[in-house]
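*Asks:* I would like to see how this sequence folds:
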Amino acid sequence: MMVVSLASTILLAVMLAVALWNLAAARRLEAAGDPSSHPVVSILVPARNEEANLRALLPALLRLDYPKLEILVLDDGSDDDTAAVVQEHASIGGARLRLLPGRPPPPGWMGKSWACHQLAAAASGEVLVFCDADVLPLPTALERTIAAMQSANAGAATVIPRHQLDGWIESAVVPLVAQLPVLALLPLALVPRVRAPSLSMANGQWLAFTRAAYAACGGHAGVRETVLEDVALGRRVKEAGHRLLPLVSHSMVSVRMYRDPTALWEGFGKNVYALAGGRPAPFVAALAVFGIVAIYPWLGVALGVRGALVPLALLAAVRACGVLLFRHGIRSALLHPAGSILLTAIALKSYVGTRRGTMEWKGRRIGEAGARMRSAA
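*Replies:* Next up, the predicted model:
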């Protein structure tokens, strides 16, 4: 048990150092100034059964304070009123907003990558901003994104949004998946400065490219088979020689990924195995490390293991950094034990479902090949 305590202490000390650095040095979208110029921007929204989310997103996009803007929404074979909602808002928003009917994905394509590929082909903008339907930007979010890209001379920029966490299960699980790895494992300030593609991150919820950078990295055609197309694009854009800029937003861009426990279970179930490497060996290693840093500290203290007190204090400090940087509230940190158990169960579901080929998302099958990353070579 002393070996586990020592390993937990060392790993969490390193994670805390990274978290403190990110808290101090990560670039905030809110701190970006005004753009030096206003290139034409295309906001591209892939939508499959997103009727409810689009009723909130489309008014927000139409309120964006940006002079040269087109908004394209692709109806990706929806069974609900997605298309009708877009047409309803297009009648109000005029030429800025257009609905595109999507075509079924060809063999070898993941649905979202195919939808984004079609959107990019139809776009006229010099800058392409891919936006998920569950995102809510404030009116100045786009202008600040362009300004940040220009000031950093970046070919791509991605925003880590503030998560709206209404239920206790969301509060317990979402930050562990969507924020903690970035907070404690990735020095965000180094991403645009270091050329290594392995030091990258990209979030498809709000992901911007110059047209040149998107073409150079192969676009979504180059990541057609992976379920984590955004992460793969982040690596590929750096491999293509362009700078990638991650931005944290605590107010200008927000998202609510899942509105009920079932959606959370299914949604993260398709991603977690891929996030852990998409192969059995790295998945097992990642699960072991997660157990050492996220479960052992609180479980060890609960079982009376004296050596677990220091890891628990370090873990609490890491979670406090997350609360301060991402503004997701103290409830998430207090629910950490429940979240770590739930995430372990989701990870095992993701592994079994992906390996057996039974994983589905929005009516489409996700195979094991989709969980693996591919280089730009």
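*Asks:* quick one: which helix or strand includes Ile71?
*Replies:* strand 69-75 (DSSP states H and E).
*Asks:* Can you tell me the closest non-neighbouring residue to Glu30?
*Replies:* Distances taken as C-beta to C-beta, 6 or more residues apart in numbering place Met252 nearest to Glu30, at 5.8 Å, with adjacent residues excluded. Bear in mind the C-beta positions are built from the backbone N, C-alpha and C, glycine included.
*Asks:* pLDDT score for the spatially most central residue of the chain?
*Replies:* With the centre of the chain defined as its mean C-alpha position, the nearest residue by C-alpha atoms, centre = their mean is Asn203, 3.4 Å away. Asn203 is assigned 96 on the pLDDT scale.
*Asks:* In three-state terms, label it for me.
*Replies:* With DSSP: H, G, I helix; E, B strand; the rest coil as the basis, the three-state label of Asn203 is coil.
*Asks:* so where's the stretch 251-377 of the chain shaky on pLDDT?
*Replies:* Applying pLDDT under 70 to the stretch 251-377 of the chain flags the ranges 361-377.
*Asks:* Which strands or helices does the longest helix anywhere in the chain pack on?
*Replies:* Of all the segments assigned as helix in the chain under DSSP state H, the longest by residue count is helix 2-25. Packing contacts for helix 2-25, counted by 3 or more C-beta pairs under 8 Å, 6 or more residues apart in numbering; DSSP states H and E, involve helix 180-185, helix 296-302, helix 309-326.
*Asks:* Mind exporting the C-alpha coordinates of the shortest one to PDB?
*Replies:* Read that as helix 180-185. Output of helix 180-185 as PDB, limited to C-alpha atoms (Å, rounded to 0.1, in the frame of the first residue of the first chain):
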ATOM      1  CA  LEU A 180      -9.500  17.400 -15.600                       C
ATOM      2  CA  PRO A 181      -7.200  15.800 -18.200                       C
ATOM      3  CA  VAL A 182      -6.600  19.200 -19.900                       C
ATOM      4  CA  LEU A 183      -6.200  21.000 -16.500                       C
ATOM      5  CA  ALA A 184      -3.700  18.600 -15.000                       C
ATOM      6  CA  LEU A 185      -1.900  16.900 -17.800                       C
END
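*Asks:* And it, what's buried?
*Replies:* Within helix 180-185, the residues that count as buried by 16 or more other C-beta atoms under 10 Å are 180, 182-184.
*Asks:* Please state the offset of it from the chain centre?
*Replies:* Relative to the chain's own centre, helix 180-185 is displaced by 12 Å; criterion: C-alpha atoms, centre = their mean, to the nearest Å.
*Asks:* What helices and strands are in contact with it?
*Replies:* helix 2-25, helix 309-326.
*Asks:* Can you tell me the strand partners of the next helix-or-strand element following the first one and which way each runs?
*Replies:* It refers to helix 2-25. Using DSSP H and E, the helix or strand that directly follows helix 2-25 along the chain is strand 41-47. Paired strands of strand 41-47, with direction, are strand 69-75 (parallel), strand 127-131 (parallel) (DSSP bridges).
*Asks:* tell me the average confidence for strand 41-47?
*Replies:* What strand 41-47 shows for mean pLDDT is 98.
*Asks:* Could you point out the helix or strand that follows that strand?
*Replies:* Toward the C-terminus from strand 41-47 - assigned by DSSP H and E - lies helix 51-62.
*Asks:* And that next one, what's buried?
*Replies:* Result for helix 51-62 [16+ other C-beta under 10 Å]: buried residues 51, 53-54, 57-58, 60-62.
*Asks:* what angle do it and strand 127-131 make?
*Replies:* Going by axes from the mean of the first three to the mean of the last three C-alpha atoms, to 10 degrees, helix 51-62 is angled at 150 degrees with respect to strand 127-131.
*Asks:* Run through who's touching helix 51-62.
*Replies:* Defining contact as C-beta atoms under 8 Å, 6 or more residues apart in numbering, one finds that helix 51-62 is touched by 43, 45, 47, 71, 73, 78, 80-82, 84-86, 89, 92-93, 96-97, 131, 133-138.
*Asks:* Sort out which of these are buried, if you could.
*Replies:* Using 16+ other C-beta under 10 Å, the buried ones in the contacts of helix 51-62 are 43, 45, 47, 71, 73, 78, 81-82, 85-86, 89, 93, 96-97, 131, 133-138.
*Asks:* so of these, which ones are in helices?
*Replies:* Going by DSSP H, the helices hold 82, 85-86, 89, 93 from these.
*Asks:* how about CSV for these, with pLDDT and distance to Leu207 added?
*Replies:* Converted to CSV, those look like this (pLDDT from 0 to 100; distance: C-beta to C-beta, whole Å):
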residue, pLDDT, distance to Leu207
Thr82, 96, 21
Val85, 97, 23
Val86, 97, 21
His89, 95, 22
Gly93, 78, 22
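*Asks:* and the two most separated of the residues you listed?
*Replies:* The largest separation in these, counting by C-beta to C-beta, is between Thr82 and Gly93 at 16.0 Å.
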